[in-house]
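A.B. asks: using only what follows, build the 3D model:
(2 chains)
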Number of protein chains: 2
Amino acid sequence: METTALAAGFDWQLAALFLIASVAAGLTGVLFKPGAWYESLVKPDWRPRNWMFPVAWTTIYILSALAATRVAVLPGNAFAMGFWAMQIALNTLWTPVFFGARRMGLSVLVMGLLCAAVLGMIVTFWTLDFWASVMLLPYALWLSLAAPLNWRVWRDNPGAGGTAA
Amino acid sequence: METTALAAGFDWQLAALFLIASVAAGLTGVLFKPGAWYESLVKPDWRPRNWMFPVAWTTIYILSALAATRVAVLPGNAFAMGFWAMQIALNTLWTPVFFGARRMGLSVLVMGLLCAAVLGMIVTFWTLDFWASVMLLPYALWLSLAAPLNWRVWRDNPGAGGTAA
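C.D. replies: Numbering: from 1, shown residues only, chains lettered A, B, ... in the order given. A predicted model of the protein is given here:
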């Protein structure tokens, strides 16, 4: 039974749904890229390099989709699935808000809600499946950089937001 | 037990997660509005009027979030929750793709996947909770207009897409 849940029973059709949702979120990063506008913003020295963002997000999307697949078949997962849905919607929203509409203040609000959703997801996953919650650690680690960066860029660039082009 | 599941036991904290996800999706429509560019496109006569879109989407978001809340507490809901997560990510993605990046061909692809997710959601919800699947009918009805409209606008406006501004 344990083997079924952990290996042989891993449902790739189910995983496909969470992976497609994650590809949808990740596609925003392909459509709305950092360009001259982003380069012109004042940013803190400790920020991750630009190439790290797609690497980090690809890792995060795959691991969190596989974690959701494990948890989706467990009883008592209502809040865990609710937090997963909440984070993927907020995650899909963030990039168009920041890079598309250039609404930096609103992007900080979206980021705050995203952090809350990921925290809720880690706690609820933890109670259901230890390894699923471990698979969310890259997400938590990356947000611990991305959220302060988002806040700093907003604070340090007053008037730089507004409509694109 | 039945009363608990259907009325007294309705969990508003759980509903809040699905409602926040839906607000995130709906916010894209506030950020990326139809403007001069959209008005200039060739559109079929049978299209819904502009004022109907926010009315329809508000109805759809509320009903589908409440339907998800009902289904989230039921056993055997893994695919139902997977389809819900998939549709909210694709739904959040569509507006930035169409109105933000003006990638009309890609928006048709996103719309096709969204229709598949909603169809999967209706079928899986149906097997778990009849009324939850009924609550998804406005979504299906609206997409039966929105998807052909999306396709027609793409087909009838070659070269009108591309980057905003």
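
A.B. asks: and residue A:49, its phi and psi?
C.D. replies: Phi and psi for residue A:49, reported as degrees, to the nearest 10, are phi -70, psi 160.

A.B. asks: err, residue A:11, not the other one
C.D. replies: Torsion angles, degrees, to the nearest 10, at residue A:11: phi -100, psi 100.

A.B. asks: was I right about it contacting residue A:71?
C.D. replies: No. With contact defined as Cβ atoms under 8 Å, residue A:11 and residue A:71 do not form a contacting pair (11.9 Å). Yep, even glycine has a C-beta here, placed from its N, CA and C like the rest.

A.B. asks: so who does residue A:16 touch?
C.D. replies: Not one residue lies near residue A:16 by Cβ atoms under 8 Å, 6 or more residues apart in numbering or on different chains.

A.B. asks: comparing residue A:11 and residue A:71, which residue is more hemmed in?
C.D. replies: Taking other Cβ atoms under 10 Å in any protein chain shown, residue A:11 and residue A:71 do not tie; residue A:71 has more neighbours (25 against 15).

A.B. asks: quick one: average confidence on stretch A:95-109?
C.D. replies: Averaged across stretch A:95-109, pLDDT comes to 97.

A.B. asks: check the offset of that stretch from the chain's centre.
C.D. replies: Mean-position distance between stretch A:95-109 and its chain equals 15 Å (Cα atoms, centre = their mean, to the nearest Å).

A.B. asks: can you give me the buried ones in it?
C.D. replies: Within stretch A:95-109, the residues that count as buried by 16 or more other Cβ atoms under 10 Å in any protein chain shown are A:95-104, A:106-108.

A.B. asks: just to revisit the earlier point, which residues do residue A:11 and residue A:71 both contact?
C.D. replies: Counting by Cβ under 8 Å, 6+ apart, residue A:11 and residue A:71 have no shared contacts at all.

A.B. asks: hmm, back to that, among the buried residues of stretch A:95-109, which are located in helices?
C.D. replies: Secondary structure from DSSP state H places A:95, A:104, A:106-108 of these in helices.

A.B. asks: how about these in a markdown table, adding distance to chain B?
C.D. replies: Formatted as a markdown table, these follow (distance: Cβ to the nearest Cβ, whole Å):
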| residue | distance to chain B |
| --- | --- |
| A:95 | 8 |
| A:104 | 13 |
| A:106 | 8 |
| A:107 | 11 |
| A:108 | 14 |
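
A.B. asks: so which of the residues you listed is the closest to residue B:147?
C.D. replies: Set against residue B:147, the nearest of those by Cβ to Cβ is residue A:95 (24.3 Å).

A.B. asks: that older thread, which pair of the ones in helices among the buried residues of stretch A:95-109 spans the longest distance?
C.D. replies: Among these, A:95 and A:108 lie farthest apart (Cβ to Cβ), at 13.8 Å.

A.B. asks: would you map the helices across chain A?
C.D. replies: Listed in chain order, the helices of chain A (DSSP H) span A:2-3, A:12-31, A:36-39, A:52-72, A:78-95, A:104-128, A:130-134, A:137-156.
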